[in-house]
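**Student:** Sharing a model that was predicted from the sequence below.
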Amino acid sequence: MIKKKIILLGATGSVGVQALDVIAAHPEQFELVGFAFGKNIEKAREIIQAFSPKVVVAAQESSQIALAESFPDVEIHVGNEGLITLAKIEDYDILLNAIVGSVGLPPTIEAVQLGRDIALANKETLVVAGYTIMAEAARTGSKILPVDSEHAAIFQVLQGVQKSDVRSLTITASGGSFRDKTREELLDVTLDDALAHPNWTMGAKITLDSATMVNKGLEVIEAHHLFGVPYDDIHVVLHRESVVHSMVTLQDGAVLAQLGATDMREPIQYALSYPKHLTMHHETPFDLTEIGALHFEKMDLVRFPMLDLAYRVGKLGGGYPAVYNAANEVANQAFQDGKITFLEIEQLITRAVFEHMEFDGQTLNQILASDKRTRQKVSQWVEDLIQEKGK
Ligand SMILES: NC(=O)C1=CN([C@@H]2O[C@H](COP(=O)(O)OP(=O)(O)OC[C@H]3O[C@@H](n4cnc5c(N)ncnc54)[C@H](OP(=O)(O)O)[C@@H]3O)[C@@H](O)[C@H]2O)C=CC1
Ligand SMILES: CC(=O)[C@@H](O)[C@H](O)COP(=O)(O)O
Ligand SMILES: [Mn+2]
């Protein structure tokens, strides 16, 4: 049997480690030929020992030097240039992008331009450059296989369904760690509170995005690009159990849904094995009779203004989604670093979007310039807030 050769960006993270579980569980199907990581060199060492990849990329030069000494037979590259080098190596079939943030964009574009298939967890790349990525994928024949659980659900439901038969998509939202709090109660919430997701175990950035509802905003934009559905036909419902991963309504009113455990190994494995559904060796118990009841509620866009704003920036297009995303990346990190309050995340994103102005027909370079400018501005606003509070 010919194995699928995999490159994994973000191998030391939440999705990355679960992807390694899937690869290790199917040694006859998959082979890890290369991976990239950020700072976690100890985990990177373990991965090299367990999987013997040919190429590794470290975010930091000190890690590159240390790994090159320990593993002289492995090609070790560094930084953003290293990510591009990895995306360009000859010998792989699919690139699984599980890096967090829009740093994952350049290697994705490179791989798509080379016609390579992408298993995409890194939603930020589609939010920033969705039109470019999807247009290039159509040109080169690269498949964009969603890993994000809601999009993986829609993708599975759509197998064998004609695009013209689709009326609308419904993305489910858990509501995040603060779903039962009023806006007033959000004034003094802490990072620990925010990181206590009711259903999923994930990295810090996305768990916080889930609490601000930015995650759902990014997912609406991601769905628009992946499935080519207009924003007015993409709905979000509050679904506390996260059992229905998402739904598709057909023209005749039939609603098709995908259900399952809250275990990312399922969508990761399907993206890697597509179009096959392989046996899941680490199956998480899933028994609807244990769950008993499923609940669905309307989203309150006043309570969750970041979802409302995501629809607005998505419809505006151009650099607006990139500005929303960049402002969020800076503000999310600032809250994690204890520099700002939870509600200041929303305030910074809203200000960045409202201050952004552009003419139609933004090129990718103009969008990337807006992304950079937004990061600089929002970083400055964070510093200003710290100064003001120190007064
Ligand atoms: N976690 C989940 O269940 C889900 C995640 N996603 C999406 O998947 C992506 C990854 O999320 P998650 O796994 O939670 O995130 P984590 O924070 O757990 O992991 C992020 C990974 O990216 C690596 N990384 C960060 N910066 C760099 C860099 N500059 N160069 C190379 N590697 C880097 C980190 O390395 P290190 O740790 O070594 O510093 C780590 O391996 C996000 O876009 C998220 O929105 C989507 C759906 C579900
Ligand atoms: C597992 C996954 O795909 C996450 O994006 C998850 O959807 C977060 O859940 P909520 O944003 O609905 O809380
Ligand atoms: Mn998701």
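**Tutor:** Thanks, I have the structure now. Ligands and ions are numbered 1, 2, ... in the order given.

**Student:** tell me which parts of this structure are close to ligand 1?
**Tutor:** Residues of the chain that fall close to ligand 1, judged by CB under 6 Å from any ligand atom: 10-16, 36-40, 59, 98-100, 103, 121-124, 148-149, 200, 202-203, 205-206, 264. (Each C-beta comes from the backbone N, C-alpha and C, glycine too.)

**Student:** So which of these belong to helices?
**Tutor:** Under the assignment DSSP state H, these contribute 14-16, 123-124, 149, 205-206 to helices.

**Student:** May I see the residues you listed organised as CSV, with pLDDT and neighbour count added?
**Tutor:** CSV is the format used below for those (pLDDT from 0 to 100; neighbours: other CB atoms under 10 Å):
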residue, pLDDT, neighbour count
14, 98, 20
15, 98, 28
16, 98, 27
123, 98, 29
124, 97, 28
149, 98, 24
205, 98, 20
206, 98, 22
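
**Student:** PyMOL command for the buried members of the residues of the chain next to ligand 1?
**Tutor:** Those of the residues of the chain next to ligand 1 that count as buried under 16 or more other CB atoms under 10 Å are selected in PyMOL with:
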select buried, resi 10+11+12+13+14+15+16+36+37+38+40+59+98+99+100+103+121+122+123+124+148+149+200+202+203+205+206+264
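
**Student:** so which of the residues of the chain next to ligand 1 are also by ligand 3?
**Tutor:** Counting by CB under 5 Å from the ion, 148-149 from the residues of the chain next to ligand 1 sit close to ligand 3.

**Student:** Just the strands from this protein, written as ranges.
**Tutor:** With strands called from DSSP state E, the chain shows them at 4-9, 30-37, 55-58, 75-78, 94-97, 117-120, 144-146, 166-173, 234-238, 244-250, 255-259, 297-298.

**Student:** Parallel or antiparallel, which strands does the first one pair with?
**Tutor:** Right, the one you point to is strand 4-9. Using DSSP bridges, strand 4-9 pairs in its sheet with strand 30-37 (parallel), strand 94-97 (parallel).

**Student:** Point out the most buried one among those strands.
**Tutor:** By mean neighbour count, with neighbours taken as mean count of other CB atoms under 10 Å, strand 94-97 ranks first of the strands paired with strand 4-9 at a mean of 26.

**Student:** Convert the C-alpha atoms of that one to PDB, please.
**Tutor:** Written as PDB, here are the backbone C-alpha positions of strand 94-97 (Å, rounded to 0.1, in the frame of the first residue of the first chain):
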ATOM      1  CA  ILE A  94      -0.800  16.600   2.000                       C
ATOM      2  CA  LEU A  95       0.100  19.600   4.200                       C
ATOM      3  CA  LEU A  96      -1.900  19.700   7.500                       C
ATOM      4  CA  ASN A  97      -1.800  23.300   8.700                       C
END
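
**Student:** now the residue lying closest to residue 338 once chain neighbours are set aside: how far from residue 306?
**Tutor:** Excluding its sequence neighbours, the residue lying closest to residue 338 (CB to CB, 6 or more residues apart in numbering) is residue 191, at 7.2 Å. Applying CB to CB, to the nearest Å, the value for residue 191 to residue 306 is 18 Å.

**Student:** shaky segments in this protein?
**Tutor:** Counting by pLDDT under 70, the chain contains no low-confidence range.

**Student:** Give me the phi and psi for the residue in the stretch 51-200 of the chain positioned nearest to ligand 3.
**Tutor:** Using CB to the ion, the closest approach of the stretch 51-200 of the chain to ligand 3 is made by residue 148 at 4.3 Å. For residue 148, the backbone dihedrals are phi -50, psi 130 (criterion: degrees, to the nearest 10).

**Student:** Could you find the closest non-adjacent residue to it?
**Tutor:** residue 123 (5.5 Å).

**Student:** do residue 142 as well
**Tutor:** Excluding the flanking residues, the one nearest residue 142 by CB to CB, 6+ apart is residue 112, at 4.5 Å.

**Student:** can you count the residues close to the one you found?
**Tutor:** Neighbours of residue 112 under the rule other CB atoms under 10 Å: 28.

**Student:** ok, now which ones touch the residue of the stretch 51-200 of the chain closest to ligand 3?
**Tutor:** 120-121, 123, 219, 222, 267 (CB atoms under 8 Å, 6 or more residues apart in numbering).
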